[in-house]
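> Here's a sequence, model it:
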Amino acid sequence: MTSEIMRQERQMPGSALVGKPSGGGAIDTAVKGLYHQHVIIRFDHVVIDSDALDCEFDIPFDDNTEANEAEIVLYNLSYNTTNQIRHDGNVTVEAGYGNDMGILFTGKVSDKKIQNSDTDRVITVKAIDGAGLSDCEVEVEYCEGNTAQAILYDLCLRLGFPIAAWKPVRDYTYDRTVHVDGSIMDAVEKYAGVCGASAYVCRGMLYVQALSASNAGSFDLSVETGLLSAEEYEKTEKHEDFEDTVRGWELEMLLNHRIQTGTQIHLTSKRANGIYYVRQGTHSYDGNDMTTKVTAVER
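Presented below is the predicted three-dimensional model:
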């Protein structure tokens, strides 16, 4: 029988009725933590609602094919409810403000640990992103004259996901035999870099493209729409004969469930103005504050 922790309806004080982050709309950031924050965590036979029980989470996302691992912390569940959260079971995390909710994570439970203290019973659940897959080894040789695009395409086929987008930016021809031996995910990331693209899985589909080619939507980000901080980001990456300098910003904002890999951010701040693309990030909730931190780059 399904065990469900039902939401407890509560009257919100008048001061809490402020605007909520929604699609780039303005919000009142002068009142922190009073945006009708709401989290729902769904397991196969258990539903946890933040209006009834304390919970926390850290949910990463990025631009590679490696499965991401989320961490979910639950407090003071009954023994019966805890036992119904099982290894390899399904888990979905939704979060947002008021009625503006969205799915942050869908995956499988990979680990569960229970710790008892004098005041709390803490259940820490690890979960693997359903969009990724467990890493596997590959050993294959490509003869002289093969291109980086041809090698990458073959490796992508070996991953087993349907290819939703194939838009490499450049190519490179090898004048030697190429031996790929080891993690197939590392190999895909390497040859995607040579091709000037990112390779990542979203909703069970594989995308090979520059982040700027993504259809992941756009968001106007400023102090008025939830921007909390911005720090400059720069990284130089070497791919065969190519040297790429990636520039952008490390941004922290009020949690936004619309933000994912490839989301276009129209950034307006005292330090930066321009269009950037989300490369990686983390959605977090510590029981009080809900935030999204991302690295957003120029292309």
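
> Which element, helix or strand, includes Gly281?
In this structure, Gly281 is located in strand 273-285 according to DSSP states H and E.

> Okay, now the sheet partners of that strand, with direction.
Sheet pairing here is set by DSSP bridges, and for strand 273-285 it gives strand 55-61 (antiparallel), strand 264-268 (antiparallel), strand 290-297 (antiparallel).

> hmm, who's touching the last one?
This points to strand 290-297. Strand 290-297 has contacts (CB atoms under 8 Å, 6 or more residues apart in numbering) with 37, 39, 95, 211, 228, 233, 246-256, 259, 265, 267, 276-285. Using the backbone N, CA and C atoms, a C-beta is placed for each residue, glycine as well.

> on that earlier part again, find the one among the strands paired with strand 273-285 with the highest mean neighbour count.
strand 290-297 (a mean of 22; mean count of other CB atoms under 10 Å).

> Turn the strands paired with strand 273-285 into CSV, including distance to Ile184 and mean pLDDT.
Formatted as CSV, the strands paired with strand 273-285 follow (distance: least, CB to CB, whole Å; pLDDT from 0 to 100):
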stretch, distance to Ile184, mean pLDDT
strand 55-61, 20, 97
strand 264-268, 29, 96
strand 290-297, 24, 97
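
> Can I get those in JSON lines including distance to Ala164?
Compiled in JSON lines, those are given as follows (distance: least, CB to CB, whole Å):
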{"stretch": "strand 55-61", "distance to Ala164": "17"}
{"stretch": "strand 264-268", "distance to Ala164": "18"}
{"stretch": "strand 290-297", "distance to Ala164": "21"}
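
> nearest to Ala148, of the ones you listed?
Closest approach to Ala148 among those (CB to CB): strand 290-297, 21.0 Å.

> follow-up on the earlier one: are any of the contacts of strand 290-297 buried, and which?
37, 39, 95, 211, 233, 248-249, 251-256, 259, 265, 267, 276-285 (16 or more other CB atoms under 10 Å).

> Excluding covalently adjacent residues, which one is nearest to Asn256?
Nearest non-adjacent residue to Asn256, counting by CB to CB, 6 or more residues apart in numbering: Thr292, 5.3 Å away.

> all helices for the stretch 1-150 of the chain, in order.
79-83, 148-159 (DSSP state H, counting those that start in this stretch).

> any idea which of those is most buried?
When the helices of the stretch 1-150 of the chain are compared using mean count of other CB under 10 Å, helix 148-159 is most buried, at a mean of 19.

> distance between that one and the chain's centre?
24 Å (CA atoms, centre = their mean, to the nearest Å).

> Ok, stretch 223-243 next?
16 Å.

> same thing with stretch 57-76?
8 Å.

> Ends of that stretch, what's the gap?
With CA to CA, to the nearest Å as the measure, stretch 57-76 spans 15 Å from end to end.

> in it, what's buried?
For stretch 57-76, using 16+ other CB under 10 Å, the buried residues are 57, 59-70, 72-74.

> What is the nearest of the residues you listed to Tyr207?
Asp63 (8.9 Å).

> circling back to that earlier point, relative to Asp171, which of the strands paired with strand 273-285 is closest?
strand 290-297 (21.7 Å).

> What distance do you get for the residue nearest the centre of the chain to His283?
The centre of the chain sits closest to Phe61, judged by CA atoms, centre = their mean, with a distance of 2.3 Å. Here Phe61 is placed at a distance of 8 Å from His283 (CB to CB, to the nearest Å).

> now swap in Val178 and tell me
38 Å.

> Looking at this protein, which strand is longest?
Criterion DSSP state E: the longest strand present in the chain is strand 100-116.

> Walk me through which strands it pairs with, and which way each runs.
When DSSP bridges is applied, strand 100-116 pairs with strand 90-97 (antiparallel), strand 121-129 (antiparallel).

> quick one: buried residues of the shortest one?
Of the residues in strand 90-97, those scored as buried under the neighbour-count criterion (16+ other CB under 10 Å) are Val91, Thr92, Val93, Glu94, Ala95, Gly96, Tyr97.

> what's the distance between it and the middle of its chain?
Distance, centroid of strand 90-97 to centroid of chain: 13 Å (CA atoms, centre = their mean).

> One more: the longest one?
Distance of strand 121-129 from the chain centroid (CA atoms, centre = their mean) equals 17 Å.

> buried residues in it?
Quick answer for strand 121-129 (16+ other CB under 10 Å): Val122, Ile123, Val125, Lys126, Ala127, Ile128, Asp129.
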